[in-house]
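A.B. asks: Coordinates for the following, if possible.
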Amino acid sequence: MTEKIFYKINAEFERYVLPFLRNGRDGADNHRVKYLHTEMVVDIAAEIAASLGLGENGILLCKTIALLHDLGRFEQFEMYGTFSDTRSVNHAELAVSIMEREDLLYRLPVGEKRSVYKAILNHNRLVIEDDLTDEEMLYCKIIRDADKVDIYRVVCNDYLSISSNKVVGLDLP
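C.D. replies: Reported below is the predicted structural model:
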């Protein structure tokens with residue numbers, strides 16, 4: 001993967017997400033929370049990948065995975081009014097479906113595309129599937145860690161806010 005390819009995928013992501021973020025649209029504030037979360041996870045995943053000594057290709061793949069890991073959240077909230085997978089659909093599976101429908105990864109070789117899909121499909125599972133290559137497993141662990149690090153920020157901000165319109169919806173008392 002090259003920076004040029006990453007930036008093209010990023011431009012496609014922006015094109016897809018922009019309509020969800022427009023002011024006046026129902027749920028735009030909730031979509032903005034997920035958009036900011038995505039930006040943060042991209043940065044965290046890149047830091048983790050760099051700290052592990054992954055080269056430019058590995059770092060860019062981690063950034064791509066992070067960029068697309070919650071892509072399904074936008075349609076999920078649009079269709080169901082929730083970010084709860086148990087009350088709607090699995091957002092990771094929806095993300096992969098959207099990536100395939102929008103052909104977001106057409107510039108990637110088959111092996112890299114598989115790594116992106118596998119990492120996204122596993123990022124929200126309790127247990128990572130066991131038939132992965134070592135490289136795929138590494139990408140799964142990086143996105144899971146990056147996602148969880150930023151989820152702490154999201155949850156704290158959401159639950160400390162005075163708004164009664166909670167975004168995260170963990171069904172906590």
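A.B. asks: For the residue nearest the centre of the chain, give me phi and psi.
C.D. replies: When CA atoms, centre = their mean is applied to the chain, the residue found nearest the centroid is His69 (2.2 Å). Phi and psi for His69, reported as degrees, to the nearest 10, are phi -60, psi -30.
A.B. asks: And it, how close does it get to Gly55?
C.D. replies: Counting by CB to CB, to the nearest Å, the gap from His69 to Gly55 is 21 Å. For the C-beta atoms, the positions are set from N, CA and C on the backbone; glycine is no exception.
A.B. asks: now do Tyr139
C.D. replies: 14 Å.
A.B. asks: May I see the buried residues of the helix or strand where Thr64 lies?
C.D. replies: Following DSSP states H and E, the helix or strand that holds Thr64 is helix 56-68. Neighbour-count burial for helix 56-68, counted by 16 or more other CB atoms under 10 Å, picks out 58-68.
A.B. asks: Same question for stretch 46-59.
C.D. replies: Buried residues in stretch 46-59 (16+ other CB under 10 Å): 46, 48-49, 54, 58-59.
A.B. asks: what do you get for stretch 99-111?
C.D. replies: Those would be 99, 104-105, 107-108, for stretch 99-111 by 16+ other CB under 10 Å.
A.B. asks: could these go into a markdown table alongside secondary structure and distance to Ala11?
C.D. replies: Converted to a markdown table, the buried residues of stretch 99-111 look like this (DSSP: H, G, I helix; E, B strand; the rest coil; distance: CB to CB, whole Å):
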| residue | secondary structure | distance to Ala11 |
| --- | --- | --- |
| Met99 | helix | 15 |
| Leu104 | coil | 10 |
| Leu105 | coil | 13 |
| Arg107 | coil | 11 |
| Leu108 | coil | 15 |
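A.B. asks: Farthest-apart pair in the residues you listed, please.
C.D. replies: Met99 and Arg107 (12.2 Å; CB to CB).
A.B. asks: List the contacts of the residue lying closest to Val149 once chain neighbours are set aside.
C.D. replies: Distance criterion CB to CB, 6 or more residues apart in numbering; nearest residue to Val149, sequence neighbours excluded, is Ile44 at 5.3 Å. Counting by CB atoms under 8 Å, 6 or more residues apart in numbering, Ile44 touches 66, 145-146, 149-150.
A.B. asks: Please, which helix or strand holds Ile44?
C.D. replies: Here Ile44 sits within helix 28-51, counting by DSSP H and E.
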